[in-house]
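**Student:** Mind looking at a prediction? Sequence and model below.
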Amino acid sequence: MAAGIGILYKDTEAYLQRFDAYHSHRHTTPDDQRIIGYRHQIDKMKMKMKNVSTLRVLSIGSGDGERESLFIDAILSRGYPIDYVVIEPSGDYTEKFEALAKSKQDKGQWNSVKFEFRTMTLQAYLHQVGQMTKQPNFDIVHCRHSAYFFHDKAIFTMLYGFLNDGGMLLITVGCGTWESFGRYMKKTYEGVPDSGRIVLGALSLMECLEQALPRVHIEVATNESSICFESFEEDSKEEIWF
């Protein structure tokens, strides 16, 4: 059996290493299809918003910016300049995103994007906002695989409250398969700790949103991807992380 079982989000170094490994082994939706999907969402939002010259975006858990860049390109393709506020707890990832942004702007690609980088957790940011006399407003709040770290359903209510009229709270999480896998791990292996998370995937996310935002229309879009797993041998001494 495995030497031990760990919860990744409680170990930042282990999480980042395995996050990168995960993405290097998965077959994802092609970039052009992702951009088309983003454009579709932006176009629908554009129909609801009036007199918007610059889009204000709050991006939570942006990582190193490589995957976030598709979202930025999709917005720019619709002719909007962007004020882009990045909340990322990893200083290493923030530095990489800043370097990517500078490289893009040196090439003349992101010159109409004004970035503000903040190396901090969402909880710290919300606490900081709570001290302000006037809360910030955004046209888009983008949470790409960061909702797993939300500790309270009230966070969704607060983020939705940041939106201007016609704005969009855009959240990406894994499908319910991952949630089923987590339940399987807890059932199969002794000593699997409770992650304490309120969002484990699409199923629990919907439950949280319906409770936190009962009067808000929720739209779901799906993409399929595959990943190659190597199973553990019965006598494996490796530690299992999930």
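**Tutor:** Good, I have the coordinates.

**Student:** Could you list the low-pLDDT ranges of this protein?
**Tutor:** Applying pLDDT under 70 to the chain flags residues 1-30, 178, 182-183, 185-186, 189-196, 223-242.

**Student:** hey, which strand is longest across it?
**Tutor:** The single longest strand within the chain, with elements called by DSSP state E, is strand 163-172.

**Student:** what's it in contact with?
**Tutor:** 41, 45, 48-50, 52, 56, 137-145, 147, 156, 159-160, 205, 209 (C-beta atoms under 8 Å, 6 or more residues apart in numbering). Placement of C-beta: from N, CA and C, glycine included.

**Student:** Direction included, what does it pair up with?
**Tutor:** Note on strand 163-172: by DSSP bridges, its sheet partners are strand 138-144 (parallel).

**Student:** In the helix or strand following the partner strand, which residues are buried?
**Tutor:** Of the helices and strands lying after strand 138-144 in sequence (DSSP states H and E), the nearest is helix 154-161. Buried residues in helix 154-161, defined by neighbour count with 16 or more other C-beta atoms under 10 Å: 155-156, 158-160.

**Student:** and of those residues, the nearest to residue 34?
**Tutor:** Proximity of the buried residues of helix 154-161 to residue 34 (C-beta to C-beta) peaks at residue 159, which lies at 22.1 Å.

**Student:** Now do the same contact list for that closest one.
**Tutor:** Here residue 159 is in contact with 58, 60, 141, 143, 169 (C-beta under 8 Å, 6+ apart).

**Student:** do the same with residue 88
**Tutor:** Neighbours of residue 88 in contact, by C-beta under 8 Å, 6+ apart: 61-63, 94, 97, 117-119.

**Student:** Just the buried ones among these, please.
**Tutor:** Here, 16+ other C-beta under 10 Å leaves 61-63, 94, 97, 117, 119 buried among these.

**Student:** next one: phi and psi at residue 51?
**Tutor:** Phi and psi for residue 51, reported as degrees, to the nearest 10, are phi 60, psi 40.

**Student:** For residue 164, see how far away it is.
**Tutor:** Distance, residue 51 to residue 164, using C-beta to C-beta, to the nearest Å: 11 Å.
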